[in-house]
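*Asks:* coords please:
(chains A and B)
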Amino acid sequence: MLREDFVIQSNVRRVLIRSNIDYSELTFGTVRGVIYVQGRFKMGGAYGGGGGREEDEEFVAKTLRSLELKIRSIPGVVDVKFQLVNWKKERGQWIPSKQAE
Amino acid sequence: MDTVETSGMSRSRGRPVKLYQQISIEIEKEIQVHPNYADLQNQFGLLLMVEGDPEGAESRFSEALSINPRYREATLNLGFLYIEMKRWKEAEKIFLSEVKRHPKDGFLHHTLGVLYLRTGRPEEASVRIRKATECHPYYRDYYHKKGVWRGGRVRLDEKREKVLKKIHLDYHYAQFHNFVGLYVAKQGKSTQAVREFRKAAKLKPDEFLFHANLGTVYYYQGAYQKAIQEFKEALKIDPLYGMGYANLSYVYGLMRQTREALRCMERAVRLNPRYADLQYNLALLYSDRRRYEKAISMLKKALRINSNYLFARINLGVLYEEQKRWNEARREYRKILQVTPDNEDVRRRLERIS
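*Replies:* Numbers count the residues shown, from 1 in each chain, chains lettered A, B, ... in the order given. Purely as a prediction, here's the structure:
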C-alpha cells in the first residue's frame, strides 16, 4: 500500500477535529505510518465531565478506545503510540495515570 | 416567537431567535464564571445589539475594552454602535484613530465615508471612498456596482448616498453571524455553522475570516471542494493569510493531491516561518516525495524553533537512519530518550544501530 505520512497526518488531524476531544493539549506526529499522540487527554466542551467520577472515567476510556480505532482505520497506519500524561493503556484497558491525580 | 422585532437595530425577519436566546443565556453564564474575559463581553455586546439593546451592548463593548484596551474587534463594534446610535463624534473619533493605525484598511475608509455622508459632509465622504478604492479592488467593484464609482471618480447623489448609508449595519450583523457560526461549530452543529458563516460572508464579502471559517466547517464536513473554494476566496482577499495555505494543504492531503499540498505548505511556511508545526508538515511532504535533504533541513528548522518537538526529532532520526547516517541518527535518538526515557520504540531503534 502507498504510505504517505503527510496524507496520514492530515487524516489524523481531521479525526481529532471531528471528535468530542479537547485536543488543545495534544500533539501528534507520523513516522513511517506510525502515529504518535502525546500530551494531556481531555474531553471537549459539553463532554468535559458532569457525571460521577467513575462514569466520567468510563466515558473517557471509551472515547480513547474509539479514537484509537479511528486512527488505526486510516489507510497506511501501521501502529498508534499514545504517550499521554494522564491516561495509559494496561493489558488492553485504558486507565487514568496515577501521576495525574 | 420566531422573529426579532425590537428596536430599529433589528432589520430582518426569520432569525433563529431561539438559538440566539440560548446562546445569550449561555454566554451570560460564562461571564459569571469569567467576568474578565474580554471576548465574552464583546460577544455578549453583539447579542444585545441584535436583540435591540444598544445601551446594554455599549456597556459590554466598553467593558471588553476596559479589560483589553487593544481589542480591535470590540473597538470597531463600539464604533459601529455609535453610528447606529447617531453618536457621530464618538464614532468618528474611533474610526479616525483606527484608520491612523491601519491606513490600508479599505473598510475603515469606507465606514468613515458613510459616517460623513450621514452627517452631511459629502466632500470628506468622497475623499474616504476614493481612499477605500485605493486600498482594495473589492471597493472599486463594489462602488461601481452601486453606481458610486464611475470613470475613476466618486459620484454621489441622493439615491446613491441612500444606498451607502444603509451599509454600515452589515458589519455588525456580519460579526454577529460569524460569532454564532463559531459558537455552533464548537458544538458540532456544522450545518447551522455553515448557514451563519454564509450570512456573514454575504454581508461582508471582503472579510477573509468568514471565508476561512466556512472553509474550516466544510473541511470538517468532508466537503473538500467547497472547503478549497472558501480557503482560496479567503486567500484572494488576504494573500498573506499563511494558515489559509496550510489549511488548503491539509485538504489536498486528504484528497491525496500531494503535489498541490506541497505547493500550498511551502507558501504557508514562507508566510509563517516561525511556526514549527508547518515546517514539520512540509518535512513530511518532502520525505514522502523522497526529497530527503529538504525534509532533513525542514525538520532541523522546526527543531530550531522548538527544540522539544519530539516527533520532528523522531522523524529526523529515522531519516538519518534511512540515509545510513548512523552517528546523526544515534545522536537524535539519544536526545529523545533524554526527554522521554520510556520511549521503547526509539530505544529499540537506537539499540539496532548501536
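
*Asks:* And the residue of chain A closest to chain B?
*Replies:* residue A:29 (2.4 Å; Cβ to the nearest Cβ). From N, CA and C alone the C-beta is placed, and that goes for glycine too.

*Asks:* Tally up the residues packed near that residue, please.
*Replies:* When neighbours are counted by other Cβ atoms under 10 Å in any protein chain shown, residue A:29 registers 24.

*Asks:* so what's it up against?
*Replies:* A:9, A:35-36, A:38, B:280, B:310-312, B:314-315 (Cβ atoms under 8 Å, 6 or more residues apart in numbering or on different chains).

*Asks:* In strands, which of these appear?
*Replies:* A:35-36, A:38 (DSSP state E).

*Asks:* circling back to that earlier point, am I right that the residue of chain A closest to chain B is in a strand?
*Replies:* Yes. Residue A:29: assigned to a strand according to DSSP: H, G, I helix; E, B strand; the rest coil.

*Asks:* what is it paired to in the beta sheet?
*Replies:* residue A:36 (DSSP bridges).

*Asks:* could you list every residue that touches residue B:253?
*Replies:* Taking Cβ under 8 Å, 6+ apart, one finds A:6-7, A:9-11, B:261 in contact with residue B:253.

*Asks:* swap in residue B:62?
*Replies:* residue B:78.

*Asks:* hmm, back to that, out of the ones in strands among the contacts of residue A:29, who has the most neighbours?
*Replies:* Counting by other Cβ under 10 Å, top hit in those: residue A:35 with 25 neighbours.

*Asks:* before we move on, back to that, can you tell me which of the contacts of residue A:29 is nearest residue A:60?
*Replies:* Checking these against residue A:60 with Cβ to Cβ, the nearest one is residue A:38 at 16.8 Å.

*Asks:* Do you know the pLDDT at residue 21?
*Replies:* Chain wasn't specified; assuming chain A. Per-residue pLDDT puts residue A:21 at 89.

*Asks:* Chain B was what I was after
*Replies:* 84.

*Asks:* Likewise for residue B:53?
*Replies:* pLDDT for residue B:53: 93.

*Asks:* what do you get for residue A:45?
*Replies:* The pLDDT attached to residue A:45 in the predicted structure is 63.

*Asks:* tell me which parts of the stretch 201-350 of chain B are close to chain A?
*Replies:* B:219-220, B:250-251, B:253-254, B:256, B:258, B:261, B:280-281, B:284-285, B:287-288, B:310-312, B:314-315, B:318, B:340, B:343, B:345 (Cβ under 8 Å from any Cβ of the partner chain).

*Asks:* Is the helix or strand harbouring residue A:61 in proximity to chain B?
*Replies:* Secondary structure assignment for residue A:61, by DSSP states H and E: helix A:53-72. No. Judged by Cβ under 8 Å from any Cβ, helix A:53-72 and chain B are separated, with a smallest distance of 13.9 Å.

*Asks:* Closest to residue A:56 out of the contacts of residue B:253?
*Replies:* residue A:11 (28.4 Å).

*Asks:* how many other residues sit next to the closest one?
*Replies:* 22.

*Asks:* on contacts alone, who are the packing partners of whichever helix or strand it is part of?
*Replies:* Remark: residue A:11 resides in helix A:5-17, with elements defined by DSSP H and E. Judged by 3 or more Cβ pairs under 8 Å, 6 or more residues apart in numbering or on different chains; DSSP states H and E, helix A:5-17 is in contact with strand A:26-31, helix A:53-72, helix B:208-221, helix B:242-254, helix B:258-271, helix B:276-288.

*Asks:* At the geometric centre of chain B, which residue do we find?
*Replies:* Central residue of chain B (Cα atoms, centre = their mean): residue B:209, 3.3 Å from the mean position.

*Asks:* Going along the chain, name the strands of the stretch 51-200 of chain B.
*Replies:* Listed in chain order, the strands of the stretch 51-200 of chain B (DSSP state E, counting those that start in this stretch) span B:149-150, B:153-154.

*Asks:* Quick check: which of the ones you listed is nearest to chain A?
*Replies:* Among the strands of the stretch 51-200 of chain B, strand B:149-150 sits nearest to chain A (Cβ to the nearest Cβ), with 41.8 Å.

*Asks:* List the strands paired with that closest one, with their directions.
*Replies:* Applying DSSP bridges, one finds strand B:149-150 paired with strand B:153-154 (antiparallel).

*Asks:* pLDDT on the partner strand, on average?
*Replies:* pLDDT averaged over strand B:153-154 gives 77.

*Asks:* So what touches it?
*Replies:* Here strand B:153-154 has contacts from B:126, B:129-130, B:143, B:148, using Cβ under 8 Å, 6+ apart.

*Asks:* let's go with 6 Å and repeat that
*Replies:* For strand B:153-154, contacts defined as Cβ atoms under 6 Å, 6 or more residues apart in numbering or on different chains pick out B:126, B:129-130.

*Asks:* pLDDT weak spots in the chain?
*Replies:* As the question left the chain open, I've gone with chain A. A:1-2, A:45-55, A:99-101 (pLDDT under 70).

*Asks:* try again with chain B
*Replies:* In chain B, residues with pLDDT under 70: B:1-16, B:166-169.

*Asks:* any idea how far the residue lying closest to residue B:46 once chain neighbours are set aside is from residue B:129?
*Replies:* Computed as Cβ to Cβ, 6 or more residues apart in numbering or on different chains, the closest residue to residue B:46 that is not its neighbour in sequence is residue B:176, at 4.7 Å. As for residue B:176, its distance to residue B:129 is 25 Å (criterion: Cβ to Cβ, to the nearest Å).

*Asks:* Would you map the helices across the stretch 1-150 of chain B?
*Replies:* B:17-33, B:38-50, B:54-67, B:72-84, B:88-101, B:106-118, B:122-135, B:137-146 (DSSP state H, counting those that start in this stretch).

*Asks:* how about stretch B:146-164 as CSV, C-alpha atoms only?
*Replies:* Provided in CSV are the C-alpha atoms of stretch B:146-164 (Å, rounded to 0.1, in the frame of the first residue of the first chain):
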residue,chain,number,x,y,z
LYS,B,146,-23.7,50.7,-6.6
GLY,B,147,-23.0,53.5,-9.2
VAL,B,148,-20.9,55.5,-6.8
TRP,B,149,-17.6,55.0,-8.8
ARG,B,150,-17.6,55.9,-12.5
GLY,B,151,-14.7,56.8,-14.7
GLY,B,152,-12.2,56.9,-11.9
ARG,B,153,-14.4,59.4,-10.0
VAL,B,154,-16.7,59.3,-7.0
ARG,B,155,-20.2,60.2,-7.9
LEU,B,156,-22.7,60.9,-5.2
ASP,B,157,-26.3,61.9,-5.4
GLU,B,158,-29.2,61.4,-3.2
LYS,B,159,-30.1,57.9,-4.3
ARG,B,160,-26.5,56.6,-4.2
GLU,B,161,-26.0,58.2,-0.8
LYS,B,162,-29.1,56.4,0.5
VAL,B,163,-27.7,53.1,-0.6
LEU,B,164,-24.4,53.6,1.0
